[in-house]
Structure formats: structure tokens, C-alpha cells
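**Student:** Give me a 3D structure for the following:
(one chain, ligands or ions: 2)
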Amino acid sequence: MFAIPHLDIPPLASAGGTIRLPGSKSISNRVLLLAALSVGHTDITDLLDSDDTRVMLKALAELGCRIEPQADGALRIHGVGGALPVQRAKLFLGNAGTAMRPLTASLALLATRHGGEFELSGIPRMHERPIGDLVDALRQLGCPVTCLANEGYPPLRLGDGQPHALQLEQPIRVRGDVSSQFLTALLLALPLVAQESDVAIEVVGELISRPYIEITLNLLERFGVNVRRDGWERFTISAGSRYASPGRIAVEGDASSASYFIALGALAPATPGTDGITIEGVGLSSIQGDIRFVEAARLMGANIAGEANRLHIRRGTWPLKAIDLDCNHIPDAAMTLAVMALYADGTTTLSNIASWRVKETDRIAAMATEARKLGASVEEGADYIRITPPARPQDWRAASIHTYDDHRVAMCFSLAAFNPAHLPVRIEDPKCVAKTFPDYFETLFQVCATPIENIPVICVDGPTASGKGTLSAEVAEQLGYHLLDSGVLYRLVGLAAEQAGLSTAEPDLKDPAHARRLGELAAGLRVRFEGQKTLFEGRDVTDDLRTESAGMAASRVSSVAEVRQALLGLQHAFRQLPGLVADGRDMGTVIFPDARMKVFLTASAEQRAVRRHKQLISKGIAANIDGLLADLKARDLRDISRTHAPLKAAEDALQLDNSGMDIEQSVQQVLDWWQGRTAFSGS
Ligand SMILES: Nc1ncnc2c1ncn2[C@@H]1O[C@H](COP(=O)(O)OP(=O)(O)OP(=O)(O)O)[C@@H](O)[C@H]1O
Ligand SMILES: Nc1ccn([C@H]2C[C@H](O)[C@@H](COP(=O)(O)O)O2)c(=O)n1
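**Tutor:** Ligands and ions are numbered 1, 2, ... in the order given. Predicted coordinates for the structure are as follows:
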């Protein structure tokens, strides 16, 4: 996940490959609650791991439900059989609507029947999301429900510590025209109290988002509860209903998340050598309503072939066709259509989307504001949005997209990186995707391609112990870029030579046959990087590589042209989306001469010796400053004076002497320089 202030996505050119989607959020949180309320235990597979499911799991654990990960990857939920072990709890539910609404209904009924008291709260936005219609329905049932701040909004207190009779004889009336989640919440909760007689729910107003109700009914059935449905106005839960675990249940891939990759396949040319985008884990037999996004994408021109559990998408009509669509049946996925509209041949109107206004943010306003930043003309109404794409490529603008703590806004606008003006797109607060798809951007980059020159590289070259590694790692971290520590590769060659009994002494390196052998050794290095660790032939050699003698050996073998040549391809392969920070001696001069920014980092030899001394001592390695100073001067001299790719500043490098700066100041300086070179320097 990119837990950084913003992520700059370079202009993207094509897409292709196969992805597997994370589990559906709607199904995951419903299944978790049903499993917790059932008799018996349930093993859940393919559960979504995200903010919202974590919120639900934490709440269930606090309510006394036992949760056990299984060796096969399933999560075992020990059901409480409709009677909670805990009668009082304060639950914090973040911004998870799929936890807040169902827990409100279930806990209100259980607290009323058994004399419990629960408080439910969330982040400030959750306290602005209306829940009054559900509160009204629960009060009709005789549940004591108190809105602790504003009437009709969380935080809520459910129950008053005393048991009360529930009034189940009359049908419970609930509004269905603002959110279908209130009806879902009641449908999930009422089987807990429908032992003696039938319980009916009547929907007031026209029910929106019906497909989500179908998911609820489908899952209720899987957990042993049948609901009689009369149109979309009346639902009856039979007397004697009781949740029973199905034993094991798999969560489908998230159909709303699929929409971004369906759109990707529709708007991006297939990367040469691929056949467009294949999505696994969700397909045409999905129980999720958002699977009908497929129909909408086809209307816009997408070429989609579907199987039960898989989708295959290629670009069809181009440009996409503008549409005028009632999106009531796909409220979440419809946001993706708003971004596809940027690539259409005219004005697209998405209507019947009033529910967007009360989601994670006011999504109509958010989509309109951000699409305008890209150069689109947008009209918004109470329940519709109308989007006209920028007229010509030159009318597109590089935009910094504000994401409003809304995962869908972030995911949607990533697709603007295919703009015909080849401009990058900045996504602010990219970690908001954690709500449903923590690895969204990683997955996107896996299947997208762009000409290599579009992938930005920042080079940091300089002498030993100037702080290149420290600075580069921090800059890469803050930008979400990959990191190449090229020195490690030369250190590895030194280590591999030693293990193979090949000398790294200077006189031997002058022998052409010896140099060739070292080159072959470098070409065949079997190295793997796992986070901070370097694995050589399966062994963790991270610490072995950091010794001063390994640095000296690296410096010697790095003067051999055959070694440098052998390591070229390996280094170039690090240039991957969304960008690279490369640290070494010749990054800016030889390896990435077209890098967008080059920094030559120096500090006085004395200062560097002091830093290295501190570094070694902190690792428990004995060292002496004078010896270190002499060694680093020798290393500098060798690195500077060798024939091949000597250590020197590239002509276009920015010089940074950090002798008088701490790490934070050096990092900030480089980030400021970088910001000045991006298309967002005015942001
Ligand atoms: N600006 C700075 N101020 C103070 N100390 C620093 C600064 N930058 C780095 N250091 C410290 O100096 C030591 C050496 O830094 P680092 O290992 O990053 O250097 P390097 O240039 O990558 O060295 P080498 O080329 O030998 O790998 C580290 O302990 C690091 O914390
Ligand atoms: N691009 C590079 C990186 C490193 N080297 C050589 C010269 C260095 O003394 C040695 C070790 O590098 P360090 O890990 O200290 O950065 O490797 C090089 O020639 N070119």
C-alpha cells in the first residue's frame, strides 16, 4: 500500500495481463456478521483484508466472538448462536458503513431483548452520514436508541441496560429511497428475534440499490434463513428462523473493484504480447449487483467476454461512446463510468445517483470538482452528473486529485493517466484505497505499461558515506518509488568472487582472462531482494555486504569493465512504475543518463568518517576514525580515477553538500527540488 502524502502516476500507454481481485467488501462484512451470529463455526475463505473488514472483525472480537486464522488461509469464526457473551461495549467503527448499519440493527435488538447497552461511533465523516431511517425503524420495534450528538446520526447508544419486549406484530416500516443498507441491516438482524412468529418489513418509498438487497437475501439463505419477498415492498422472515453456519464459505472477488480493471481494458490499448485484461475471482455468475457494470461498459464500447468466475476485457469502440444511463442499479461502480466518460465521443449523463451524496464523501461534488481539474466540463444536479471530456488533447491538464478519504475517487482517477496529452496524474492520500483494495495501485502498475522514458528516475551519486543510501531510501519511500542500491550489486560480486575463490586483488584484475571470469560471475548472480534483505543463492547476506572490507572489495571489482557491463541489464530492470530512485556512482552519468533529476551528494571526508564510525559503532562493530578516514579516501580515489564509469557528477546534476545538514534536511531539499520538476509544481 502507498502510505504517502501523494502518488504521482506517470502517463500510461497500455495495459495487459491477469489480475485476481480482493474479496467483495459487501459480501465480506455480511458474511462476518452472519457467521458470528450463527450456531456453529464458519470457515471463511478469500475474505477481503481492508480497513472496513478489520473494523468489523475488531468489533466482533470485542463482542466476545472467537476468531481463529486457519492453516489453510481461512478465517474461522466461532458463532455465538444469537446470544452475545458481552452485554456492554463501546465500538469504534471508523468510516465503515457496512459495519455501522448492520451492527446497529443487530445490537439494538439483542440489547433490547437481553438488557444490554452498546455505543457505536466512528470518524467525523461517519457522524455526518445519516442513519435516522434505521433508528426510526428500531424505535418502532421498541428498541431504546439514543443519538448521542445529532438526532438521526451516529454516535448511537443502543439499549439501556434493561430488557424490553420487542413489538414484532406489526410490519416494521423502513425507508428504502435513501440507502438500501437500512433494509439490509434489518434483514440481517430480525432473524435473531423471529423465533415465535413471522416478522415483516415494509419498505417506504422506492427501494434503491436493489442488487445489494439481493446479496443480502442470497447470503441469508446460505446461513439457513429464507425470506419471502413480495415485489420490493415487503419482506417476511418466517417464524422459527435461526442462523446456522454453512460450514465453509468463499467470498467472491469484489465486482465494484472489478469496474476499474474493466474500464482499464476498455480504454487502454493492449500491451504488445498480451490480449488485454483478464480478471479472475468474479464473473457473470456473481451475486453482486455491480457485475452489471459489464453491461454499462459494453454500452460505452468495451469488448468483454465473460465466464462464471472470470472476465476478459479488450478495447472495442474507440473513442468510447458517450451514454445516458440510469445508474440506480450500480451506484458504486457507476463512478467508474464518470472517468470512462473522459474518453468518450460526447457528453455522458449518469442519473439516479442521489445516494452518491451521502457516501464516504459527497461523491457527485467530488467527481465533478476533480474531473473539472483535468479539463472536463461537468454539470451536476441533485441526482445526476453530466460530463463532457476535454475537447482536444491540449485541453487536458495535469491535475492533483483530491480524494476526500474516498477509496473510489482515488481508484477512478488513476485511470486519467491514460489521457491523450500524456500528462501525469497526482493522487492525493493514495492510502484511502485501503478501505476496499489496499494493493490497488500495485495491481494497476503490474498490468500497465508505458514507454521507459515516461518512468521517472532520480539519481543520487556520490562518494562513500555521504549518505546516498539513507537519502535515497527515504526519498523513494516518500514518493512510493522503487529503490536501486547499485553498490549492493558490486558488493555482491565481491562476495561471490570470494566464495568462488576468485581473487579481487588489484593486480589480478588486470588479467583479461580473470576479468572475463568475474564478468561471467556477475552475469550469473542469483540474487533476490526481499524488502531490506538481500538473498544470495537463497542465503541472507545483508549484513555480510555492509562490512568495510566488502565495500573495499566492491570498489576493486567495480573497476572491471566486464563486471560493469554484466550488471547493466539488472540495473535497468529496476526502472518500473511508478518511478525509481537509484543510488551509486554512475547512476546519472552512465546507467540512467536521461534521468529527470540527478543529485551529486557530498560531505567532507572528515564528516563522512565520523558518520561511518557512528554507524559501525551503533551496529556493535569496532572501528577507528583515523583508519576509516584513510580507507574512505583510498576508496574515493579508486572510484574517481578508474577508467570505466568513474565516480563524478553528471553535468546536469544538482550538487548537495550535506556536511552541515541532518538527514531530514537533506531529504527535504531533494524532495523540494523534485517537486519543482514535476507537472504539479504549482500545487
Ligand atoms: N545528512 C546526514 N547527516 C548526518 N548523518 C547522515 C546524513 N546522511 C547519512 N547519514 C548517516 O551517515 C551514515 C552513512 O550513510 P549511508 O550509508 O547512507 O551512506 P552511503 O553514501 O550510502 O554510503 P556507501 O556508499 O558506503 O554505501 C549512516 O549512518 C547515516 O545515518
Ligand atoms: N554505481 C556504482 C555503485 C557502486 N560502485 C562501487 C564503488 C563503491 O566503492 C562500491 C560499493 O558501493 P557502496 O555500496 O558503498 O555505495 O561499489 C560503483 O562502482 N558503481
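**Student:** In contact with the closest residue to ligand 1 within the stretch 401-550 of the chain: list those residues for me.
**Tutor:** Nearest to ligand 1 in the stretch 401-550 of the chain, going by CB to the nearest ligand atom, is G467, at a distance of 2.5 Å. The way it works is simple: take the backbone N, C-alpha and C, and place the C-beta from them, glycine included. By CB atoms under 8 Å, 6 or more residues apart in numbering, G467 lies in contact with 601, 603, 611, 658, 663, 666.
**Student:** go on, A341?
**Tutor:** Per CB under 8 Å, 6+ apart, neighbours of A341: 320, 322, 348, 350, 376, 387, 389.
**Student:** Same check on E202?
**Tutor:** E202 neighbours (CB under 8 Å, 6+ apart): 171-174, 233-234.
**Student:** same question, E221
**Tutor:** Contacts for E221 (CB under 8 Å, 6+ apart) come out as V227.
**Student:** What are the buried residues along the helix or strand where it lies?
**Tutor:** Using DSSP states H and E, the element containing E221 is helix 210-222. Using 16 or more other CB atoms under 10 Å as the test for burial, helix 210-222 gives 211-213, 215-217, 219-220, 222.
**Student:** Check stretch 143-159 too.
**Tutor:** Within stretch 143-159, the residues that qualify as buried are 143-145, 147, 153-159, counting by 16+ other CB under 10 Å.
**Student:** Below-threshold pLDDT in the chain: ranges please.
**Tutor:** Applying pLDDT under 70 to the chain picks out residues 682-683.
**Student:** contacting residues for the residue lying closest to S355 once chain neighbours are set aside?
**Tutor:** Leaving aside its sequence neighbours, S355 sits nearest to P331 (CB to CB, 6 or more residues apart in numbering; 5.1 Å). Contacts for P331 (CB under 8 Å, 6+ apart) come out as 208-209, 353, 355-356.
**Student:** mind running it again at 10 Å?
**Tutor:** Going by CB atoms under 10 Å, 6 or more residues apart in numbering, P331 touches 179-180, 208-209, 211-212, 256, 289-290, 352-356, 359, 363.
**Student:** Just the buried ones among the residues you listed, please.
**Tutor:** By neighbour count, with 16+ other CB under 10 Å, these hold 179-180, 208-209, 211-212, 256, 289-290, 353-356, 359, 363 as buried.
**Student:** Ligand 2: which of these is nearest?
**Tutor:** Nearest member of these to ligand 2, counting by CB to the nearest ligand atom, is S256, at 44.9 Å.
**Student:** Which helix or which strand is home to that closest one?
**Tutor:** Using DSSP H and E, S256 sits within helix 255-267.
**Student:** Next, the angle helix 210-222 makes with that helix.
**Tutor:** In terms of direction (axes from the mean of the first three to the mean of the last three CA atoms, to 10 degrees), helix 255-267 departs from helix 210-222 by 130 degrees.
**Student:** how about helix 255-267 as CSV, C-alpha atoms only?
**Tutor:** Extracted C-alpha coordinates of helix 255-267, given in CSV (Å, rounded to 0.1, in the frame of the first residue of the first chain):
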residue,chain,number,x,y,z
ALA,A,255,-17.4,-6.6,-8.5
SER,A,256,-17.1,-2.9,-7.7
SER,A,257,-13.3,-3.2,-7.7
ALA,A,258,-13.5,-5.1,-11.0
SER,A,259,-15.0,-2.0,-12.6
TYR,A,260,-11.6,-0.2,-12.6
PHE,A,261,-10.0,-3.0,-14.4
ILE,A,262,-12.9,-3.4,-16.8
ALA,A,263,-12.6,0.3,-17.6
LEU,A,264,-8.8,-0.1,-17.9
GLY,A,265,-9.3,-2.9,-20.5
ALA,A,266,-11.8,-0.7,-22.3
LEU,A,267,-9.7,2.4,-22.6
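**Student:** before we move on, the earlier item: regarding the residue nearest to S355, what is its secondary structure?
**Tutor:** Classification of P331 by DSSP: H, G, I helix; E, B strand; the rest coil places it in coil.
**Student:** what's around A244, how many residues?
**Tutor:** Using other CB atoms under 10 Å, the number of residues around A244 comes to 17.
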